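In: Mind folding the following:
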Amino acid sequence: MIRLLISSKHKNLIEIFHNYIDLVFRSKKIILEYKTLYLPIKIRKKTVLKSPHVFKRAKNTFEVRFYRKLFVFSSKFNINVLKYLLQKKPKSIQLKIIF
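Out: This next block holds a predicted model:
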């Protein structure tokens, strides 16, 4: 069983990459059974003081959201296809392969 974890700051980019994976499997005529799972969104918050002087109540809070999706492949497939997927991925997507 091979698992492929995709994470990005942009939710739409994950969906586009999912469609791209489907397209690659169809074009290479690879028949695979896989499931997709949406993982919980990770939120990282940073708080910065507006003024370095006395007022600690004046703060700005920034947050970054990380969207994640997990592909679980039930059967093994050719590693060359996996290498092809890794070469063609967008820069803002992180992939992690779990064997």
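
In: Helices of the protein, residue ranges please.
Out: 11-27, 79-87 (DSSP state H).

In: so which of the ones you listed comes closest to F71?
Out: For F71, the closest of those is helix 11-27, at 7.3 Å, according to Cβ to Cβ. C-betas here are computed from N, CA, C, even on glycine.

In: So which elements touch the closest one?
Out: strand 2-8, strand 59-73, helix 79-87, strand 93-98 (3 or more Cβ pairs under 8 Å, 6 or more residues apart in numbering; DSSP states H and E).

In: Of these, which stretch is the most buried?
Out: Across the helices and strands packed on helix 11-27, averaging neighbours per residue (mean count of other Cβ atoms under 10 Å) puts strand 2-8 on top, at a mean of 18.

In: Quickly list what L70 is bridged to.
Out: Here L70 shows beta-bridge partners L5, L37, assigned using DSSP bridges.

In: That one contacts M1, doesn't it?
Out: No. Look at L70 against M1 with Cβ atoms under 8 Å: they stay out of range, at 11.8 Å.

In: show me the contacts for Y34.
Out: When contacts are counted by Cβ atoms under 8 Å, 6 or more residues apart in numbering, Y34 is found next to 71-74.

In: circling back: comparing the helices and strands packed on helix 11-27, which yields the minimum mean pLDDT?
Out: Lowest mean pLDDT within those: helix 79-87, at a mean of 78.

In: Brilliant, that's me finished.
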